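*Asks:* Build me a model from this:
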Amino acid sequence: MRDAKEKQKRLRIFDRQAAVYDRNRDKGVLADWRRRLLAHARGHVLEAAVGAGANFPCYPPEVERVTAVDFSGEMLKYARRAAERRNFDCSFIEADLEEIDFPPASFDCIVSTLSLCTYARPERMLRRMNRWCRPGGQILLLEHGLGSNPLVRLLQHAADPVNLRMAGCRLNRDIDGLLAASGLKVIEQDRRWLGVFRLIRAEPGPLSPDPS
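*Replies:* The predicted model follows:
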């Protein structure tokens, strides 16, 4: 959880970035990575921190319904436009995902692309995704964090305070540590760009209490 002042600061950052996110939705290597990962999505999908809807063109026909959550109203404005061009049922929730909850086993699939860098408590968020996904479902993650190269890691630590202030995003998340503590069962992981980016397919694992 964040205090109100910090939350408003982050919200202003992401509201300002919404138009840029929308313009870049189908460009670059990230778009290719999204398509590869999201080919596995099925059924009722929870999309965490949907942003401007960059994932929507990547969902296969097996996706029947999407519940899209984001705390930025500006991001959701563009996401709604993107959803109108897709052939699936999509509902939107304007909220901080760290501050709302869903019943256990609510979703067939949970998607998070480039959102773990923004949460105050990413380990807790992964545990909640574990609980919200039905048994036999999948959690699909495209995330960035500490790389495998020591020099890259050093640069990430050094640049993290500035990036957090300017972009609202942490550069030095320990993805391996977060996954190990989450309870998720990783079934496939593809590391890109010296391990900085990860494409991860996971299944729900043993449930643990949601830390307060």
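
*Asks:* Now D174: closest residue in space, sequence neighbours ignored.
*Replies:* L146 (5.7 Å; Cβ to Cβ, 6 or more residues apart in numbering). Backbone N, C-alpha and C define where each C-beta goes, glycine included.

*Asks:* OK, contacts around the one you found?
*Replies:* Residues near L146 by Cβ atoms under 8 Å, 6 or more residues apart in numbering: 153, 156, 172-175, 195-196.

*Asks:* tell me which of the residues you listed is nearest to E64?
*Replies:* Among the contacts of L146, I175 lies closest to E64 (Cβ to Cβ), at 29.6 Å.

*Asks:* Just give me the neighbour total for the closest one.
*Replies:* As a burial measure, I175 scores 23 neighbours (other Cβ atoms under 10 Å).

*Asks:* N55 too?
*Replies:* 28.

*Asks:* What segments of this protein are strands?
*Replies:* Ranges of strands in the chain, per DSSP state E, are 43-48, 63-70, 89-94, 107-113, 133-144, 185-192, 197-203.

*Asks:* List the buried residues in the first one.
*Replies:* Read it as strand 43-48. For strand 43-48, burial by neighbour count (16 or more other Cβ atoms under 10 Å) applies to 44-48.

*Asks:* which helix in this protein runs the most residues?
*Replies:* helix 4-23 (DSSP state H).

*Asks:* report the angle between the axes of that helix and strand 63-70?
*Replies:* Put simply, helix 4-23 runs at 130 degrees to strand 63-70, going by axes from the mean of the first three to the mean of the last three Cα atoms, to 10 degrees.

*Asks:* other SSEs contacting helix 4-23?
*Replies:* Under the contact definition 3 or more Cβ pairs under 8 Å, 6 or more residues apart in numbering; DSSP states H and E, helix 4-23 sits against helix 73-84, helix 150-167.

*Asks:* Please identify the deepest-packed of these.
*Replies:* Each of those was scored by mean neighbour count; the highest is helix 73-84, a mean of 18, by mean count of other Cβ atoms under 10 Å.

*Asks:* Now do that helix against helix 4-23, angle only.
*Replies:* 30 degrees.

*Asks:* Averaged pLDDT, helix 73-84. What do you get?
*Replies:* Predicted confidence along helix 73-84 averages 94 (mean pLDDT).

*Asks:* That one - contacts with which helices or strands?
*Replies:* Counting by 3+ Cβ pairs under 8 Å, 6+ apart, helix 73-84 packs on helix 4-23, strand 63-70, strand 89-94.

*Asks:* between these, which gets nearest to L37?
*Replies:* strand 63-70 (12.9 Å).

*Asks:* List the buried residues of that closest one.
*Replies:* 63, 66-70.

*Asks:* pLDDT value on the residue of the chain positioned farthest from its centre, please?
*Replies:* Ranked by distance from the centre of the chain (Cα atoms, centre = their mean), the top residue is L151, with 26.1 Å. In this prediction, L151 carries a pLDDT score of 97.

*Asks:* how near is it to R127?
*Replies:* As defined by Cβ to Cβ, to the nearest Å, L151 lies at a distance of 32 Å from R127.

*Asks:* Also R42?
*Replies:* For R42, the distance to R127 - Cβ to Cβ - is 22 Å.

*Asks:* the more surrounded of these two?
*Replies:* R127 (22 against 15).
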